[in-house]
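>>> Need coordinates for the below:
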Amino acid sequence: MTTLLPAFAALNQAAATAQTVPLAQRNLPDALTMRSGAKVTTANEWPARRKELLELFRTHVYGRAPIGRPDTLRFRLEKTDPQAMGGIATLKQIAIEYHSERGKGRINLVLFVPNRRTTPAPAFMLICNRPASNIDPTRQTKSEFWPAEQIVARGYAAAAFQVDDVAPDTKDAWQHGAHHLFDPPQRAADAWGTIAAWAWGASRAMDYLVTDKDIDALRVAVVGHSRGGKTALWAGAQDTRFALVISNDSGSTGAALARGKSGETIADINKNFPHWFAQNYKSYNSREDALPVDQHQLIALIAPRPAYIASATQDTWADPASEFLAGVAASPVYKLWNREGLPASTLPKPGMSIHNGFIGYHLREGGHNLTLFDWQNFMTFADLRMKSTQP
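Got it, this is the predicted structure:
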């Protein structure tokens, strides 16, 4: 990721001059209108529309996973340290293992659980798309990208895994990792891309967390930045066990609307990262209006659970306005449960946070990164919204 930063800077500079397209001019597909034309007006009618949307995203965008939880899935506690972080946490290092006739796979989950608690701890699980040094279990290397000490100090368990454990972030990813283990001999046009494989890995990590008696499995938030943010959204849309879904600077095919977007487009992302999405998605290069879904519907799939979208002022390649407006456009779905989605219609000023709805948002000063400021907002929102996760 570091090697791409100069390129991102140049692209951001070019995108910064773009004008924001108003929501009313984006011709978005309606999240509450069935393909038959019928309108969804109650929470009881939503599951049918939710099923439709999931199928549309699988077919046209992220691809279809060939397997759910493998029968071969096993968990092995490799290391535990009850006096980690100077005694404030217990460290657990868990090997999440699975195999097929083609070989073995393994996700290394790092977990710190706060020691000062009387009940199981709620948790944040980071899908780490940066080098594993960012989630160093020894804590000799510390990074704001995963401020585990601060998370634990707020009373949350801190969990993380690195995406390369599931599948490499390379253009030949389909020949390796979970793709190699589980793909059929011939890949279909709607076969899962690597974002979907990483989301599958997040669900396998959640499979472990629900077994750990130190974790409150009803209060687990999934977090991702950039491509990890795209992954977190798709994981949370499919797996309703995640009580809170957090996207940081996820941009194109993450939180940002495709229609009317400035900065990175569908054509850009498919050219630069051809392994991330289904082959079908490439047919929408420079044809955003032909896509039967848009990203506000992805956020709507999280409802009625809380969602959080974070942007950065200099991350114009991701397009903060389009990330924000996706939250606005997803909000009508939350009204089915008498919940307010994103209680604003105007992009907030930098440094301001919106936490009083079930879709949270902030716009941070600075560039494409995951910072302590972002985490502090995530935890404050979780304090408010992860208390009750059921409608």
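
>>> Give me the neighbour count for Arg117.
Arg117 is flanked by 14 other residues according to other CB atoms under 10 Å. To be clear about C-beta, it is placed using only N, CA and C from the backbone, and glycine gets the same treatment.

>>> Hmm, it is touching Gly155, no?
Yes - the criterion here is CB atoms under 8 Å, and Arg117 meets it with Gly155 at 6.8 Å.

>>> ranges for the strands of this structure?
For the chain, the strands defined by DSSP state E occupy 74-84, 89-100, 103-114, 121-128, 157-162, 215-225, 244-248, 307-312, 353-354, 359-364.

>>> Tell me how far the second one lies from the chain's centre.
The reference is to strand 89-100. Distance of strand 89-100 from its chain centroid, counting by CA atoms, centre = their mean, to the nearest Å, is 21 Å.

>>> any idea of the mean pLDDT for it?
Average pLDDT, strand 89-100: 98.

>>> ok, now the first one?
Per-residue pLDDT over strand 74-84 has a mean of 98.

>>> again with the fifth one
Per-region confidence: strand 157-162 scores 98 on mean pLDDT.

>>> List the pairing partners of that strand within its sheet, with orientation.
Partners of strand 157-162 in the sheet, by DSSP bridges, are strand 103-114 (antiparallel), strand 121-128 (parallel).

>>> In stretch 285-294, which residues are buried?
Buried residues in stretch 285-294, defined by neighbour count with 16 or more other CB atoms under 10 Å: 288, 291, 293-294.

>>> With pLDDT and distance to Thr20 added, can I get those residues in JSON lines?
Putting those into JSON lines (pLDDT from 0 to 100; distance: CB to CB, whole Å) gives the following:
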{"residue": "Glu288", "pLDDT": "97", "distance to Thr20": "16"}
{"residue": "Leu291", "pLDDT": "98", "distance to Thr20": "20"}
{"residue": "Val293", "pLDDT": "98", "distance to Thr20": "21"}
{"residue": "Asp294", "pLDDT": "98", "distance to Thr20": "16"}
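
>>> which two from those end up farthest apart in space?
The span of the buried residues of stretch 285-294, defined through CB to CB, is set by Glu288 and Val293 at 10.7 Å.

>>> before we move on, the earlier item: tabulate the buried residues of stretch 285-294 (TSV), appending distance to Gly341.
Formatted as TSV, the buried residues of stretch 285-294 follow (distance: CB to CB, whole Å):
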residue	distance to Gly341
Glu288	23
Leu291	22
Val293	18
Asp294	16
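
>>> picking that back up, nearest to Gly254 among the strands of the chain would be which one?
The closest of the strands of the chain to Gly254 is strand 244-248. By CB to CB, the value is 5.7 Å.

>>> Run through the neighbouring helices and strands of that closest one.
Contacts defined by 3 or more CB pairs under 8 Å, 6 or more residues apart in numbering; DSSP states H and E place strand 244-248 against strand 215-225, helix 227-238, strand 307-312, helix 372-385.

>>> hmm, who's touching the longest one?
Translated: helix 372-385. Here helix 372-385 makes contact (CB atoms under 8 Å, 6 or more residues apart in numbering) with 122, 124, 144, 147, 150-151, 154, 156, 219, 221, 223, 244, 246, 248, 306, 308, 310, 353, 355, 358, 360, 362, 364.

>>> before we move on, the earlier item: now the helices and strands packed on strand 244-248 in a markdown table, with mean pLDDT?
Formatted as a markdown table, these follow (pLDDT from 0 to 100):
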| stretch | mean pLDDT |
| --- | --- |
| strand 215-225 | 98 |
| helix 227-238 | 98 |
| strand 307-312 | 98 |
| helix 372-385 | 98 |
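
>>> Return the distance of the closest residue to Arg187 other than its chain neighbours relative to Lys282.
Using CB to CB, 6 or more residues apart in numbering and skipping residues adjacent in sequence, the residue nearest Arg187 is Trp174, 6.6 Å away. Trp174 sits 14 Å away from Lys282, taking CB to CB, to the nearest Å as the criterion.
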